[in-house]
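> Give me a model of this one.
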Amino acid sequence: MDIHGRLADFSLQEMLILCVDTMISGAVVVTVGTDRHTLYFAEGHLYHASGPDVIGYDALWPLFELVDASYAFYIGHRERIQTISDDTPAVLARAQKLAQEWAQMRPFVAGPRVVPALATPPSTDHVQIDEEDWPVLSYIDGQRTIGEIAQLASVEELAVCHSLLHLRQRGLTELGAERPRPQPQAAFAPAPVPIIAAQVAAAWDRGGTPGSFFTKVLATLPLDAPLPDELPPLPDPRSTGIPFDIDGILRLLGKP
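All right, here's what the predicted structure looks like:
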C-alpha cells in the first residue's frame, strides 16, 4: 500500500517537512507528465534525489516550482547511493528559495538548457562590458548551454542568466532555443527495507508528530512491494463524485 495525493492539496514543502518531523524512511515520487522525480528519506534525512536526467540537489529544487502534480509515498524504499548530505531542513529552504528566484527569471530565460550565442552589436564604438560579465561572455560559443557555461565560469546558473541579460541589452548576445533533454536511462530498482511497527514507534518517540496522518497509517502498511515502474493516474475526487474531505485530512495531519 502507498500514499497518493496532489501538491495542489498538500504542498511539497509541507509534505517534505512532515517527512522530516516524523523521521520517516521511504521514497517520495512526484510525477510531472511522463517525468518521474524521486526523493529518498532515511529516518527523516533526505539523502538522494533523482529526476529524468539529473540527480542530487539539481533534481530537488525544480520541484518547488510546481503548482500541482501527483505524488506518492512508498514506505521503506531506499537507494544505494547518496547525493545529498547537508542538513535536510536547510537543503529544503535553499531549494525553495532557488525555485522562487528561477520563477522570477523564467519570463526572460526559459531555463539552464538555453544555448546563448554571440551577436554583433549595432555599434561597436561605445560598448561597455561589466567585469562580472566577462567570464560568461568568454564561454559563449553557440553550443554550450547556460548550465555548462556556469560550470566553466564557476558561477551560479542564475548569475549567468543575469549576465546574459546585461549582454543582450548591449546587443552582444542572443538567447537561442533550449537543448533537448537526453534520453532517460533505465531506472535503478530500489531495494525495499522492512519497517516494523516498533521501529516506527521509536522514530515517533525521537521527535515524530503524534496523531499525524503518517502516524495513523504507517504501522498497517505492507512494506515489501517494489516501486512501480508507472504510477496509476490520479482522478480528481471533486470531478468524480467521490467525497473529498480536505478539512478531515488536515485534522488528521494535526493542522488547525
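> How about the contacts made by residue 19?
Residues near residue 19 by C-beta atoms under 8 Å, 6 or more residues apart in numbering: 28, 41, 44, 46, 73. C-beta: built from backbone N, CA, C; applies to glycine.
> Repeat the analysis, applying 6 Å as the threshold.
residue 41 (C-beta atoms under 6 Å, 6 or more residues apart in numbering).
> That one: helix or strand, and which one exactly?
helix 12-21 (DSSP states H and E).
> in that helix, what's buried?
Neighbour-count burial for helix 12-21 flags 12, 15, 16, 17, 18, 19, 20, 21 (criterion: 16 or more other C-beta atoms under 10 Å).
> Roughly how far does residue 49 sit from residue 37?
Going from residue 49 to residue 37 by C-beta to C-beta, to the nearest Å gives 7 Å.
> Compare the two (neighbour count), which wins?
residue 49 (24 against 21; other C-beta atoms under 10 Å).
> Torsion angles phi and psi at the more buried one?
phi -140, psi 140 (degrees, to the nearest 10).
> Assess the claim that it and residue 58 are in contact.
No - the criterion here is C-beta atoms under 6 Å, and residue 49 misses it with residue 58 at 8.3 Å.
> Of all the residues in stretch 38-58, which ones are buried?
Under 16+ other C-beta under 10 Å, the buried positions of stretch 38-58 are 38-52, 54-55, 57-58.
> ah, wrong one, I meant stretch 61-71
61, 62, 63, 64, 66, 69, 70, 71.
> Which pair in those residues has the greatest spatial separation?
61 and 70 (19.4 Å; C-beta to C-beta).
> And for the residue nearest to residue 173 when sequence neighbours are not counted, the neighbour number?
Leaving aside its sequence neighbours, residue 173 sits nearest to residue 167 (C-beta to C-beta, 6 or more residues apart in numbering; 4.2 Å). The local packing of residue 167 (other C-beta under 10 Å) involves 24 other residues.
> can I assume residue 167 sits in a strand?
No - assessed with DSSP: H, G, I helix; E, B strand; the rest coil, residue 167 is helix; it does not lie in a strand.
> mind checking pLDDT for it?
The model reports residue 167 with a pLDDT of 88.
> Could you check how far it is from residue 120?
In terms of C-beta to C-beta, residue 167 sits 12 Å off from residue 120.
> try residue 174
Taking C-beta to C-beta as the measure, residue 174 falls 10 Å from residue 120.
> Then residue 160?
Relative to residue 120, residue 160 is positioned 21 Å away (C-beta to C-beta).
> Please say which of those two ends up with more neighbours.
residue 160 (28 against 8).
> Determine the longest helix present in this structure.
If you go by DSSP state H, the chain has its longest helix at helix 88-105.
> For the chain, name the helix or strand with the lowest mean pLDDT.
Lowest by mean pLDDT, DSSP states H and E among the helices and strands of the chain is strand 191-192, with a mean of 42.
> all strands for the stretch 101-250 of the chain, in order.
Applying DSSP state E, counting those that start in this stretch to the stretch 101-250 of the chain gives strands spanning 114-118, 173-178, 191-192.
> ranking those strands by burial, who's on top?
strand 114-118 (a mean of 18; mean count of other C-beta atoms under 10 Å).
> could you check the angle strand 173-178 makes with that strand?
Orientation note: strand 114-118 sits at an angle of 150 degrees relative to strand 173-178 (axes from the mean of the first three to the mean of the last three C-alpha atoms, to 10 degrees).
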